[in-house]
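Visitor: Next come a sequence and a model predicted from it.
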Amino acid sequence: MLNYKRYKRVPVLNYPKREWPNKEIQKAPIWCSVDLRDGNQALIEPMVVEEKIEMFQLLLKLGFKEIEIGFPAASQIEYDFLRELVDRNMIPDDVVVQVLVQCREHLIARTFEAIQGIKQVIVHIYNSTSTLQRDVVFNKNREEIKEIAIEGTRLVKKYAKDFPGKIILEYSPESFTGTEVDFALDICTAVQNEWQPTPDNKLIINLPATVEMTTPNAYADQIEWMSRNFKDRDSIILSVHPHNDRGTGIAATELALLAGADRVEGTLFGNGERTGNVDILTVAYNMFSQGIDPELELDHINEIVEIYERCCKIPVHIRHPYAGKLVFTAFSGSHQDAINKGVRALKERKSKIWEVPYLPIDPSDVGREYEPIVRINSQSGKGGVAFVMDSYYGYKLPKAMHKEFAAVIQKISEEQGEVAPEQIMDVFANEYLHINEPFEFVKVKVEDVGDTDTHADLIFKYKGEIISVEAVGNGPIDSVKRAIRKKTGIDTKVLDYTEHAMGEGSHAKAAAYIQILDRKTGNATFGVGVSSNITRASIRAVFSALNRLAKKEQ
Ligand SMILES: CC(=O)SCCNC(=O)CCNC(=O)[C@H](O)C(C)(C)COP(=O)(O)OP(=O)(O)OC[C@H]1O[C@@H](n2cnc3c(N)ncnc32)[C@H](O)[C@@H]1OP(=O)(O)O
Ligand SMILES: CC(C)C(=O)C(=O)O
């Protein structure tokens, strides 16, 4: 049995004045990517300089305006990467790079050495403030811990004085989620007093869920409490830096935005320490799916996956929101049926608003237009098979025919597993289009006779013998049916008939679907005909159905 008694419940803030539950996300926050720092520091094999450059270029392409590019005082590779960006003039003027450093003078001095030549930089200092870390890591009381933050701020101020570019300070009370809010506020206010930010020269206060310790609502309470208690709130950019230890990093971020956060630090696909940082892409796509501009260029998800996987050497899970290979695919029958109907309704209504059951967004909006929405296996139903026939091959099978054809495919899927669209089409062709025994259509000439009748002059093969026959009916199909009955005695009734065009212009064809009942046996089946001429398509469909009836009787 799990020894749950070894764990104590994390105390949560008693904050009945909370307002965030009544709010909605209205706009994108300031996004800051920490892929090259927090993401990188958690990799089994940290990125080499060339990989970091590729990742940096991807982040620029995605539209990040704030990018934490590393901890340049930590290692030569971090330092060299930063210098490479500067020396190769790769930092656009509208992008602010960010560097992380502890509140220690030799590290801050080295950091300022590294950032020489950059026009504007966020220098991000941090120190742990949680009750646990104060006790077991630093063995310091609140005042001593506060002194580390004040000293760090003083040092940045000192080095910033001689720095030719603009320095923006970011301070993180690291392990904020394990810190009493009154102490977190006290230490942030001390940094604020030392730095003296203004509304035109703001201080970034970053409140990390260094370890996610509670349900997201408890984090939101902490963020709202801080936001409402800061002095000179308009001189502060309130940033959050959620991790995902409980698997709720995205929810925590969204609630933190309701609670007043202005800025979000996170990574692509949530790479980062332990269970990762918050997945910035999912938070952004969630906004997009609610009709909010995410203010990132996210229309090519496959390219993002490809570069991320190459640089980080971590695969994106097949079920990862928006990006996973299977997230826009349905195997199960009822989902496929609803998607099929939803897509059809969308087209028919020419609606500008995307609303399709089971598909929160249109995959083509994120560059996934060539991927299958519907894949067929033994869990699939008739709607799914009909969807494949329509979306891949343009055959709009009539509703009454779905069951008949799906039963053929289901039999195959039960034996072999997944059935690819190409195989579905081959089976369709063999079942309906290339079936020429015992009947084979050769030629027909139909003419209207008077106002209501049609005369058919038909040539066909029956059991290998060429037959030429004429008959009159109330339309081309009826006259052909009568002609066939004259020679073979087979008496049929049409139960259902539909037709549609396939393709456009001079290559356009017609597809006809007919359901025929054999009056003698009581059997009924569909037949399908395709031709550039609609009458010929419908006659072919009659022959297809007759052959299928004959097959049934064998
Ligand atoms: C939550 C986060 O992700 S924070 C970022 C974490 N990222 C990294 O640590 C990656 C890069 N870090 C490193 O390469 C190294 O830790 C360095 C280069 C920064 C420092 O290296 P070292 O000084 O050799 O070792 P280390 O980090 O263990 O230093 C611990 C000392 O720094 C002190 N310290 C730790 N954090 C801070 C801080 N934020 N500010 C001031 N002092 C600090 C500790 O109290 C400890 O002091 P002690 O030696 O008196 O006990
Ligand atoms: C440095 C801080 C912001 C950090 O990475 C964390 O708390 O996770």
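Guide: Happy to help now that I have it. Ligands and ions are numbered 1, 2, ... in the order given.
Visitor: What are the phi and psi values at the residue of the stretch 351-500 of the chain found nearest ligand 1?
Guide: Closest to ligand 1 within the stretch 351-500 of the chain is V366: 30.3 Å, counting by C-beta to the nearest ligand atom. Every residue, glycine included, has its C-beta placed from N, CA and C. Main-chain dihedrals, V366, degrees, to the nearest 10: phi -110, psi 20.
Visitor: just D457 next, same as before
Guide: Dihedral pair for D457: phi -110, psi 100, per degrees, to the nearest 10.
Visitor: Report pLDDT for it.
Guide: Here the pLDDT value assigned to D457 is 97.
Visitor: residues near it, how many?
Guide: By the criterion of other C-beta atoms under 10 Å, D457 has 15 neighbours.
Visitor: before we move on, what about F387?
Guide: Close neighbours of F387, defined as other C-beta under 10 Å, add up to 25.
Visitor: Please report how far E113 lies from H124.
Guide: In this view, E113 and H124 are 17 Å apart by C-beta to C-beta, to the nearest Å.
Visitor: out of those two, which sits in the more crowded spot?
Guide: H124 (26 against 13).
Visitor: Report the contact partners of the more buried one.
Guide: With contacts defined as C-beta atoms under 8 Å, 6 or more residues apart in numbering, H124 is in contact with 68, 98-101, 170-172, 204, 206.
Visitor: Can you name the residue of the stretch 201-350 of the chain nearest ligand 1?
Guide: The stretch 201-350 of the chain approaches ligand 1 most closely through T210 (5.0 Å), counting by C-beta to the nearest ligand atom.
Visitor: Surely I339 is in a strand?
Guide: No: per DSSP: H, G, I helix; E, B strand; the rest coil, I339 lies outside any strand segment and is helix.
Visitor: re earlier: how many neighbours does the residue of the stretch 201-350 of the chain closest to ligand 1 have?
Guide: The number of residues packed near T210 is 25, by other C-beta under 10 Å.
Visitor: Before we move on, what's the pLDDT of the residue nearest to it when sequence neighbours are not counted?
Guide: Nearest-residue entry for T210: S175, 4.5 Å, with adjacent residues in sequence omitted and distances by C-beta to C-beta, 6 or more residues apart in numbering. On the pLDDT scale, S175 is placed at 98.
Visitor: now swap in K146 and tell me
Guide: Looking at K146, its pLDDT reads 98.
Visitor: Check V442 too.
Guide: What the model reports as pLDDT for V442 is 97.
Visitor: Could you tell me which residues make contact with it?
Guide: Listed by C-beta under 8 Å, 6+ apart, the contact set of V442 reads 459-461, 466.
Visitor: buried subset of these?
Guide: 460-461 (16 or more other C-beta atoms under 10 Å).
Visitor: Tell me who's in contact with the residue nearest to T210.
Guide: Residues in contact with S175 (C-beta under 8 Å, 6+ apart) are 128-130, 132-133, 208, 210-211.
Visitor: now do P21
Guide: Counting by C-beta under 8 Å, 6+ apart, P21 makes contact with 217, 258.
Visitor: roughly how far apart are K486 and S468?
Guide: Computed as C-beta to C-beta, the K486 to S468 distance reads 11 Å.
Visitor: repeat for L296
Guide: As judged by C-beta to C-beta, L296 and S468 stand 70 Å apart.
Visitor: Can you pick out the residue with more neighbours from these two?
Guide: A side-by-side neighbour count of L296 and S468, using other C-beta under 10 Å, places L296 first with 22 against 12.
Visitor: what's the spacing between the residue nearest in space to the middle of the chain and ligand 2?
Guide: The residue lying closest to the centre of the chain (C-alpha atoms, centre = their mean) is Y322, at 1.4 Å. Distance of Y322 to ligand 2, given as C-beta to the nearest ligand atom, to the nearest Å: 24 Å.
Visitor: is it true that that residue lies in a helix?
Guide: No: counting by three-state DSSP, Y322 is located in no helix; its state is coil.
Visitor: check contacts around it.
Guide: By C-beta under 8 Å, 6+ apart, the contact list for Y322 reads 281-282, 285, 301, 361, 366.
Visitor: do that again at 6 Å, thanks
Guide: Taking C-beta atoms under 6 Å, 6 or more residues apart in numbering, we find Y322 in contact with Y285.
Visitor: Sort out which residues of stretch 65-81 are buried, please.
Guide: Result for stretch 65-81 [16+ other C-beta under 10 Å]: buried residues 65-74, 77-81.
Visitor: likewise stretch 11-20?
Guide: 15, 18, 20.
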